[in-house]
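S.K.: Following is a predicted model, sequence given first.
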Amino acid sequence: MEILVVVVVVTALVFDFTNGFHDTANAMATSIATGALPPRVAVAVSAVLNLVGAFLSIEVARTISSGLVDETRIGPAVVFGGLVGAVVWNLATWLLGLPSSSSHALFGGLIGATWVAAGSDAVRFTAVVEKVVVPAIASPLIAGLVAALGTFAAYRLTRGAKTAQRGFRYGQIASASLVSLAHGTNDAQKTMGIITLTLITAGALPAGAAPPLWVVLSAGTAIALGTWLGGWRIIQTMGRRITDVESPQGFAAETGAAAVILTSSQLGFALSTTHVCAGGVVGSGIGKRLADVRWTVAGRMVLAWLLTLPAAAVVGALAGRTASEGTAGVVVVAAVGVLVGVGCWVLSRRNPVGAHNVNA
């Protein structure tokens, strides 16, 4: 049991790491695209603020550790299966450059593994709808509306001002930093919640316990390291392929996204920062007169969003069932996860996307 708990904790931190490089684009894609920040500086700032943000709240962690599933009816092996499902989906969508939701991959993997191992009544569907599904639908719409109105107002109020673009670029440094802080606050908590859930199911913590300090620190560090490496594939999609982002648009998109994420974190809503930030980018394109929003790319993103929860649930269910069969099952699941990771890395090397491909 102790070895399995260690394996689950390490796997959770690996997921947190993949979350970091998968979601770097959420905060910094528009700032890089508009030239407000050089790529390497942007990801360094984002990494530091992700770490700081991890210490601001634990409400989302409580939602995951004691809200979505019945922690008394599952064990660490089930959590491990759910994590592997999430990591596999994260790697696959990263390879394809799709800004899908790392959060929903995690929720789907955990729900699928719990459902197969302990039955459907072990999943608290009311909490899933209230804390996951409703925020998933509402948050990108709200962020998009705020960004559209902000973009329209920005262009209207600064019409003819030659220094406006430069001013908005400076503003983007602040707004992008705020998104990074919000990302660390919301997304690092998801790993904290998973690790805390594992410790509860293993009997190391009482039901309903808050994440210990070492859990908060390790989750924040893992997501910061992942952010530092940067997800250049998804940065291209978010910063250049949805719409051609200018500084006023980037400022509006980032400010709207940060406001939505920080508010939701305080309320314990485990929303997808990817959904929120992408909604902000689309809204900034709608708010600019004659802007070219590439709806085909946006449609691919929405399709990835719709598939993430059920796809990760299926993978999590298979992994959870296998891992629940004992040590051999855990080894098989771990081996499959490693093989998928290596395969994605090899494929990415054949078709690399680096900083030189992004507007600097």
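M.R.: Now that the structure is in, tell me what you want to look at.
S.K.: show me the residues around the spatially most central residue of the chain that make contact.
M.R.: Centroid check for the chain by C-alpha atoms, centre = their mean gives residue 102 as the closest residue, at 4.2 Å. Shown in contact with residue 102 (C-beta atoms under 8 Å, 6 or more residues apart in numbering): 15, 18-19, 22-23, 86, 90, 187, 190, 272, 274. Heads up, the C-betas are built off the backbone N, CA and C, glycines and all.
S.K.: Just after the lowest-mean-pLDDT helix or strand in the chain, pick out the following helix or strand.
M.R.: Lowest on mean pLDDT, DSSP states H and E among the helices and strands of the chain sits helix 232-236, with a mean of 52. Going down the chain from helix 232-236, the next helix or strand is helix 247-267, by DSSP states H and E.
S.K.: Which secondary structure elements does that following helix sit against?
M.R.: Here helix 247-267 touches helix 2-34, helix 59-66, helix 134-157, helix 164-201, helix 273-287, going by 3 or more C-beta pairs under 8 Å, 6 or more residues apart in numbering; DSSP states H and E.
S.K.: so how far is residue 191 from the residue nearest to the centre of the chain?
M.R.: Remark: distance between residue 102 and residue 191 (C-beta to C-beta, to the nearest Å) = 10 Å.
S.K.: so what sits against both of those two?
M.R.: By C-beta under 8 Å, 6+ apart, residue 102 and residue 191 have these common neighbours: 15, 19.
S.K.: Below-threshold pLDDT in the stretch 251-360 of the chain: ranges please.
M.R.: Counting by pLDDT under 70, the low-confidence segments of the stretch 251-360 of the chain come to 290-293, 297, 348, 351-360.
S.K.: now do 90
M.R.: Across the stretch 251-360 of the chain, the ranges flagged by pLDDT under 90 are 251-258, 261-360.
S.K.: about what we covered before: so which of the helices and strands packed on helix 247-267 is the most surrounded?
M.R.: Ranked by mean neighbour count under mean count of other C-beta atoms under 10 Å, those are led by helix 273-287, which reaches a mean of 29.
S.K.: Which secondary structure elements does that one sit against?
M.R.: Using 3+ C-beta pairs under 8 Å, 6+ apart: helix 273-287 touches helix 2-34, helix 102-118, helix 134-157, helix 164-201, helix 247-267, helix 295-323.
S.K.: Dump those helices into a markdown table; add distance to residue 350 as well.
M.R.: Below are the helices and strands packed on helix 273-287 laid out as a markdown table (distance: least, C-beta to C-beta, whole Å):
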| stretch | distance to residue 350 |
| --- | --- |
| helix 2-34 | 18 |
| helix 102-118 | 24 |
| helix 134-157 | 33 |
| helix 164-201 | 29 |
| helix 247-267 | 32 |
| helix 295-323 | 21 |
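S.K.: Out of these, flag the one nearest residue 225.
M.R.: Proximity to residue 225 (C-beta to C-beta) singles out helix 2-34 among those, at 6.0 Å.
S.K.: Chain neighbours aside, what residue packs nearest to residue 175?
M.R.: Leaving aside its sequence neighbours, residue 175 sits nearest to residue 254 (C-beta to C-beta, 6 or more residues apart in numbering; 3.7 Å).
S.K.: now the one you found: how far from residue 55?
M.R.: 22 Å.
S.K.: Which one's more surrounded, the two?
M.R.: Using other C-beta atoms under 10 Å as the criterion, residue 254 and residue 55 rank with residue 254 on top: 35 against 14.
S.K.: follow-up on the earlier one: for the helices and strands packed on helix 273-287, which one sits closest to residue 226?
M.R.: Going by C-beta to C-beta, the one of those nearest residue 226 is helix 2-34, 2.2 Å.
S.K.: Tell me the first helix or strand C-terminal of that closest one.
M.R.: As the chain continues past helix 2-34, the following element, by DSSP H and E, is helix 39-53.
S.K.: Output that next one as CSV, nothing but the C-alphas.
M.R.: Extracted C-alpha coordinates of helix 39-53, given in CSV (Å, rounded to 0.1, in the frame of the first residue of the first chain):
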residue,chain,number,x,y,z
PRO,A,39,8.8,33.8,-25.5
ARG,A,40,11.4,32.7,-23.0
VAL,A,41,10.7,35.7,-20.7
ALA,A,42,7.0,35.0,-20.9
VAL,A,43,7.3,31.4,-19.9
ALA,A,44,9.7,32.2,-17.1
VAL,A,45,7.4,34.8,-15.6
SER,A,46,4.4,32.4,-16.0
ALA,A,47,6.3,29.6,-14.2
VAL,A,48,7.1,31.8,-11.2
LEU,A,49,3.5,33.1,-10.9
ASN,A,50,2.1,29.6,-11.2
LEU,A,51,4.1,28.6,-8.2
VAL,A,52,3.0,31.6,-6.2
GLY,A,53,-0.7,31.1,-7.2
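S.K.: Just the angle for that helix relative to helix 247-267, thanks.
M.R.: Here the directions of helix 39-53 and helix 247-267 differ by 20 degrees (axes from the mean of the first three to the mean of the last three C-alpha atoms, to 10 degrees).
S.K.: Now helix 39-53: buried residues?
M.R.: Neighbour counts over helix 39-53 (16 or more other C-beta atoms under 10 Å) mark 39, 42-51, 53 as buried.
S.K.: And the residues you listed, which is the shakiest by pLDDT?
M.R.: Ranked by pLDDT, those bottom out at residue 39 (75).
S.K.: ok, that one to residue 32 distance?
M.R.: 5 Å.
S.K.: cool, and residue 54?
M.R.: Applying C-beta to C-beta, the value for residue 54 to residue 32 is 23 Å.
S.K.: Not counting sequence-adjacent ones, nearest residue to the residue nearest to the centre of the chain?
M.R.: Sequence neighbours aside, residue 19 is the residue nearest to residue 102 in space, at 4.3 Å (criterion: C-beta to C-beta, 6+ apart).
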